[in-house]
Structures are given as C-alpha cells and as structure tokens.
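Student: Provided below for reference: sequence and predicted model.
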Amino acid sequence: MISEHKGFVAYYWVDTEEGVMFSTSVFEDQADEEDSNRLAADFVKANLAELLPNPPTITAGHVVAQH
C-alpha cells in the first residue's frame with residue numbers, strides 16, 4: 001500500500017529484538033508523507049490494533065544526511 005503511494009521513495013522495517021519494532025518511510029515531499037501516515041494509521045486501526053500492545057506513534061522529519 002505505501003510503496004504504491006504518490007511520492008514513495010523507500011520503506012524500512014526494523015526489529016530491535018528487544019520487543020520494539022519501527023518503520024521508516026521516505027517520500028519526495030511532506031504532503032505525500034502526511035497522506036501516507038493517514039492511510040497507514042487507518043490500516044493499523046482496522047487490521048492490526050488488537051495485535052499491538054501499545055498504539056503506534058508517528059514522528060516526522062526531514063532527511064539531513066544520506067550515504
């Protein structure tokens with residue numbers, strides 16, 4: 001779903017193996033990123049909420065370095 005969204009660049013899912021997982025999505029612009037967050041939140045509420053011990057949180061920012 002996210003990879004087909006307008007402006008999509010990359011998606012990463014990380015498992016810290018300490019009971020914490022997080023994902024990072026990269027989009028070309030902020031408007032596309034914000035819209036993808038809304039879609040993802042709706043998906044989680046409809047399909048995954050009962051499986052998660054804590055509600056997901058969303059943090060946004062700008063890429064300041066890359067390699």
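Tutor: Looks like it came in fine. This structure is a prediction, so every number in the text was calculated from the model and none was measured.

Student: what are the ranges of the strands in the protein?
Tutor: 8-15, 21-27 (DSSP state E).

Student: And the helices in this structure, which stretches?
Tutor: 30-47 (DSSP state H).

Student: so how many other residues sit close to A40?
Tutor: 17 (other C-beta atoms under 10 Å). Using the backbone N, CA and C atoms, a C-beta is placed for each residue, glycine as well.

Student: same question, E33
Tutor: Neighbour tally, E33, other C-beta under 10 Å: 19.

Student: Next, work out how far apart it and G19 are.
Tutor: 27 Å (C-beta to C-beta, to the nearest Å).

Student: How about F8?
Tutor: Taking C-beta to C-beta, one finds F8 at 28 Å from G19.

Student: higher neighbour count, these two?
Tutor: Legend: neighbour count by other C-beta under 10 Å for F8 and G19, higher for F8 (17 against 7).

Student: The more buried one is in contact with I2, isn't it?
Tutor: Yes: the pair F8 and I2 qualifies as a contact (C-beta atoms under 8 Å) at a distance of 6.4 Å.

Student: For the two, list the residues in contact with both.
Tutor: Taking C-beta atoms under 8 Å, 6 or more residues apart in numbering as the criterion, F8 and I2 both touch 25, 36.

Student: quick one, what contacts E28?
Tutor: Contacts for E28 (C-beta under 8 Å, 6+ apart) come out as 7-9.

Student: what pLDDT does W13 get?
Tutor: On the pLDDT scale, W13 is placed at 93.

Student: cool, and A31?
Tutor: pLDDT, A31: 94.

Student: same check, this time on the one 3 residues further on
Tutor: Listed pLDDT for E34 reads 93.

Student: where does the protein have low pLDDT?
Tutor: For the chain, no stretch has pLDDT under 70.

Student: hang on, the earlier thing: can I get the strands of the chain in a markdown table including distance to K45?
Tutor: As requested, the strands of the chain are exported to a markdown table (distance: least, C-beta to C-beta, whole Å):
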| stretch | distance to K45 |
| --- | --- |
| strand 8-15 | 19 |
| strand 21-27 | 16 |
